[in-house]
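Got a sequence here, can you build the structure:
(one chain, ligands or ions: 1)
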Amino acid sequence: MPAIGIDLGTTNSCVAVFRNGRVEIIANDRGHRITPSFVSFVDNERLVGEAAKLDATENHENTLYQIKRLIGRTYDDPTVQADMKLWGFTVINDDNKPKIPVVHSCGGNIFCPEQISAMVLEEMKNAAEAFLGETVTDAVITVPAYFNDSQRRATHDAGEIAGLNVIGMINEPTAAAVAYGLDREIKNQRDVLIVDLGGGTFDVTIVKIEGRKFYVRATGGDTHLGGEDFDNILVEYFVSEFKQQHGEDISDNKRALNRLRVACEAAKTNLSSSTQAKVRLEALQGGHDFCSSISRSKFENLNHNVFERVLDTVKNTLSDSGLKKENIDDVVLVGGSTRIPKIREMLGKYFDSIKIKRTINPDEAVAYGAAAYAFALGSDEDSALKEFALEDVIPLSIGIGRRGGTMSFAIPRNTKIPTKVCENRLTVVDNQKRVTFKIYEGERTLARDNHFLGKFTLSGIPPAPRRKGKIKVHLEINACGILHASAFEEITGNSSGITIARDKGGLSESEIKRMVQEAEKFRKKDQELKRRSTARNALEDYAYSVKKEVDHKNLTTPKRICIMSSVTEILEWLDINKKEPPEMAELEARKIELEQLVE
Ligand code: AMP
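Next up is the predicted model:
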């Protein structure tokens, strides 16, 4: 059974498989190699991908997108609060977890981000199964290098809900480096800097490539910077343009905002090849048509600060790696937003434009690398990927809170993974019975300024004077970048531990189980709908073919009338039920009835 690689993007997703010695990008059922990461709920149906994206303007409350910006985050996260204002769907607060209510008759009306991402993953799995003609369960899923522990864990959970066995997770820029390295068949060592600017996230990674060995030197980025920010800036600009033109504010009109957002993304994309782009929307609000345009230089000017953040992150990552810009051999651009001319120009100016490589497809490189990695993980004896080795690093330091509010940096950022460290701690008061460990992620000296990951308590410490009780704290990060923390007391051997995100905001085992069952319910319902829809179309086709044939057959008038009235009745019945295909038994019975009449 082949293992697949899935690039689960904020805007689009892509799936690939390594077979017959090469990577194949898998097209979806519409023949497209990338699939929008959109899910929409319409009447009794769930749509995923292109069909869902098309539904966004009409059915804005039930069309969900950019879910990667929610996954693994808390409701009170400032980025969640800011994004919510621009989305057509609603996000609610459930114990500080963001959840999305939708109107759907198939139960489970309130979804968590993991469930929605699981629907996109399942769509990719289905495309792979249709392409390969066999069941697929093993998969590698990609994540932005800068995703923190909760975001990684939540993505892993989404894979599980989708019925996948997540055999590995790979950072997106690392996957792109693998694609670049395999494609170019690099023999001598090269230091490659990957700039991955997609729809919602930005990653920079410096990778040393030597044949089929990939060593990540440093990684940096921003999990909230990408094409959608440029869209948002354009939306804000045109909202004020509309106000100027018509004296009306559309900020609270979700449908108008959604329509404007789609037009803004198109305008932005056009500006990568033209110097002017138009935005035209009929009856945007209050019967007013909206017609405006924007020049490339105005677009660059509006986004100046965000573009500067891109270059700053590149410089910081370079400094973390200990390399100088002159040491970088190639700068590889991936992610749709690296098509923006200004971004290319800025990078070309900073490095040398000769070093800027656009040889790999920015939309597919990440899935390509993930598929190669999935293959290498899945097969011991592969000749195609002989000597494949991958060494990645953690993007943020991991530490334990100390008395006094500071953080001890147990695992510094850019440490290779998998990794394991052990810290020795002593009791701090006489006869201390228990000790609570708080784990953080980040670079600040004070623990409270970092991202709190979770806490756990070790109890049953035998009585001892202060500083005599000895505790060992183990922190372990696996190859997926997921952290497990534990502690044990040396005399009694008592121990306690957590897998961080399970305890903090993440899903519990039982919640995942419930969601897997819910996903199964959806899967069954979707399959049933598909069967009914096929049967419905077959009956309609048959009715039309009978109608056509009746004229050519030598039939008696009563028989002709009888058949024709049955055909008309079937077509009318199908028309009345066009929102949802009728029950299978009814469809079959009507077809048999007509067949018998025709005989
Ligand atoms: P990705 O996440 O890599 O699929 O990138 C998607 C982002 O790239 C979206 O925000 C797109 O609007 C953006 N994008 C795709 N093509 C272009 C283009 N030609 N110019 C500017 N942005 C683009």
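
Nearest residue to the residue of the stretch 101-250 of the chain found nearest the ligand in space, ignoring adjacent ones along the chain?
The nearest approach of the stretch 101-250 of the chain to the ligand comes at residue 227, 2.0 Å away (CB to the nearest ligand atom). Using the backbone N, CA and C atoms, a C-beta is placed for each residue, glycine as well. Nearest non-adjacent residue to residue 227, counting by CB to CB, 6 or more residues apart in numbering: residue 337, 4.2 Å away.

so the one you found makes contact with residue 343?
Yes: using CB atoms under 8 Å, residue 337 makes contact with residue 343 at a distance of 6.8 Å.

Looking at these two, which has the bigger crowd around it?
Shown here are residue 337 and residue 343; by other CB atoms under 10 Å, residue 337 has more neighbours (27 against 22).

Distance check, that one against residue 310.
Residue 337 is 9 Å from residue 310, where distance means CB to CB, to the nearest Å.

Find the residues that touch each one of the two.
Contact criterion CB atoms under 8 Å, 6 or more residues apart in numbering; residues shared by residue 337 and residue 310: 197, 343.

what residues do residue 337 and residue 343 have in common as contacts?
Counting by CB under 8 Å, 6+ apart, the residues touching both residue 337 and residue 343 are residue 197.

circling back to that earlier point, SS state for the residue nearest to residue 227?
Under the three-state scheme (DSSP: H, G, I helix; E, B strand; the rest coil), residue 337 adopts helix.

Centre of the chain to the helix ranked longest in the chain, how far?
Counting residues, the longest helix found in the chain (DSSP state H) is helix 509-552. Mean-position distance between helix 509-552 and its chain equals 28 Å (CA atoms, centre = their mean, to the nearest Å).

Could you list every helix and strand that it packs against?
Counting contacts by 3 or more CB pairs under 8 Å, 6 or more residues apart in numbering; DSSP states H and E, helix 509-552 packs against strand 45-48, helix 113-132, helix 149-161, helix 557-576, helix 584-598.

mind listing what residue 175 touches?
The contact partners of residue 175, by CB under 8 Å, 6+ apart, come to 5, 7, 142, 365, 366, 367, 368, 369, 370, 373.

ok, the first one - how many residues close by?
Spelled out, that is residue 5. Residue 5 has 33 nearby residues by other CB under 10 Å.

hang on, the earlier thing: turn the contacts of residue 175 into JSON lines, columns for distance to the ligand and secondary structure.
As requested, those are arranged in JSON lines below (distance: CB to the nearest ligand atom, whole Å; DSSP: H, G, I helix; E, B strand; the rest coil):
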{"residue": "5", "distance to the ligand": "15", "secondary structure": "strand"}
{"residue": "7", "distance to the ligand": "8", "secondary structure": "strand"}
{"residue": "142", "distance to the ligand": "11", "secondary structure": "strand"}
{"residue": "365", "distance to the ligand": "9", "secondary structure": "helix"}
{"residue": "366", "distance to the ligand": "8", "secondary structure": "helix"}
{"residue": "367", "distance to the ligand": "10", "secondary structure": "helix"}
{"residue": "368", "distance to the ligand": "13", "secondary structure": "helix"}
{"residue": "369", "distance to the ligand": "13", "secondary structure": "helix"}
{"residue": "370", "distance to the ligand": "13", "secondary structure": "helix"}
{"residue": "373", "distance to the ligand": "18", "secondary structure": "helix"}
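
taking those as a set, which two sit the farthest apart in space?
Largest separation among the contacts of residue 175 by CB to CB: 365 and 373, giving 12.6 Å.

More neighbours: which of the two?
residue 365 (30 against 27).

need the contact list for the more buried one.
By CB under 8 Å, 6+ apart, the residues touching residue 365 are 175, 176, 179, 180, 332, 334.

which one is the fourth one nearest to, not counting chain neighbours?
Spelled out, it's residue 180. Using CB to CB, 6+ apart, the closest residue to residue 180 is residue 332 (5.0 Å).

partner residues bridging that neighbour?
With DSSP bridges as the criterion, residue 332 is bridged to residue 194, residue 357.

Equivalent analysis for residue 41, please.
Bridge pairing for residue 41 - DSSP bridges - gives residue 46.

Touching, it and residue 102? I think so.
Yes: shown here, residue 41 and residue 102 form a contact pair, counting by CB under 8 Å, at 4.7 Å.

Skip the chain neighbours and tell me the closest residue to residue 171.
residue 145 is the one closest to residue 171 (CB to CB, 6+ apart), at 3.9 Å.

For residue 173, see how far away that neighbour is.
For residue 145 relative to residue 173 (CB to CB), the value is 5 Å.

Low-confidence regions, the stretch 101-250 of the chain specifically.
Where the stretch 101-250 of the chain drops to pLDDT under 70, the residues are 104-108.

So which residues on it come close to the ligand?
When proximity is defined as CB under 6 Å from any ligand atom, the stretch 101-250 of the chain approaches the ligand at 198, 199, 227, 228.

Among these, which lie within helices?
Checked against DSSP H, those include these in helices: 227, 228.

and the residues of the stretch 101-250 of the chain next to the ligand as JSON lines, adding distance to residue 288 and neighbour count?
Below are these laid out as JSON lines (distance: CB to CB, whole Å; neighbours: other CB atoms under 10 Å):
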{"residue": "198", "distance to residue 288": "34", "neighbour count": "27"}
{"residue": "199", "distance to residue 288": "30", "neighbour count": "24"}
{"residue": "227", "distance to residue 288": "28", "neighbour count": "24"}
{"residue": "228", "distance to residue 288": "26", "neighbour count": "24"}
